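Engineer: next input, structure requested:
(one chain, ligands or ions: 1)
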Amino acid sequence: MSTKSPQKIPVKIKFLSSILHSLNLDYATSFSAGLDLRACFKENQLTFKPRERKKIPTGIAIEILEPSIAGFVFSRSGLGTKQGLVITQGVGVIDPDYRGEIFVSLLNISEEDQTIIQGERIAQLIFLPFFQAQIIPTDNLSYSTRGNGGFGHTGKL
Ligand SMILES: O=c1ccn([C@H]2C[C@H](O)[C@@H](COP(=O)(O)OP(=O)(O)OP(=O)(O)O)O2)c(=O)[nH]1
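Structural biologist: This next block holds a predicted model:
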């Protein structure tokens, strides 16, 4: 393992919930890629019935001070694999111009009721670079070996 630390980008964080006062909002280890987001609802706990989904406030709003970096909300692997609580839309995208509270939409894909408690770490926020396309309208796309083949076109093995 390198002794260097991951590169940091500047991100302002506004704390919106007193629940976070007593809890740590920081990277779990010095090489964690994801910043854990915590459930900041008023109740002590929240239960999801099978296939139920809920939007959960995280108690933070952010300002990413780099124009080509967005935040991406991913599932925590423990919550997803042990309890079946996953991000409803697959991945949440936090645009760099978004200033509102970050919400996490969780979906219970298990067959049982699942409960999370106030302050629990429910998802992870990862900052990644993105590109916008410079759109070039055309009728002709260049030849490639793959062509139109997709969705398993190259076989299983
Ligand atoms: O998991 C998420 C996903 C999005 N957002 C916030 C930040 C994001 O910048 C904004 C809009 O998200 P998105 O572009 O995915 O939403 P949309 O459904 O396309 O709606 P909009 O018309 O607001 O863009 O909502 C969250 O708080 N959590």
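Engineer: near the ligand, which residues of the protein show up?
Structural biologist: Contact residues, the chain versus the ligand (Cβ under 6 Å from any ligand atom): 73, 92, 93, 94, 95, 98, 102, 103, 104, 105. C-beta coordinates here come from the backbone N, C-alpha and C atoms, glycine included.
Engineer: right, and the second one touches residue 105 too?
Structural biologist: Yes: at 7.1 Å, residue 92 and residue 105 qualify as touching, with contact defined as Cβ atoms under 8 Å.
Engineer: for the two, indicate the residue with more neighbours.
Structural biologist: Comparing residue 92 with residue 105 by other Cβ atoms under 10 Å, the one with more neighbours is residue 92, at 19 against 15.
Engineer: for the more buried one, which non-adjacent residue is closest in space?
Structural biologist: Excluding its sequence neighbours, the residue lying closest to residue 92 (Cβ to Cβ, 6 or more residues apart in numbering) is residue 73, at 3.2 Å.
Engineer: smallest gap between this protein and the ligand, at which residue?
Structural biologist: Using Cβ to the nearest ligand atom, residue 92 is the residue of the chain that sits closest to the ligand, at 2.1 Å.
Engineer: how far away is that residue from residue 86?
Structural biologist: 11 Å (Cβ to Cβ, to the nearest Å).
Engineer: how about residue 26: what's its closest non-neighbour residue?
Structural biologist: residue 35 (7.6 Å).
Engineer: which strand residues bridge the one you found?
Structural biologist: Note on residue 35: beta-bridge partners by DSSP bridges are residue 125.
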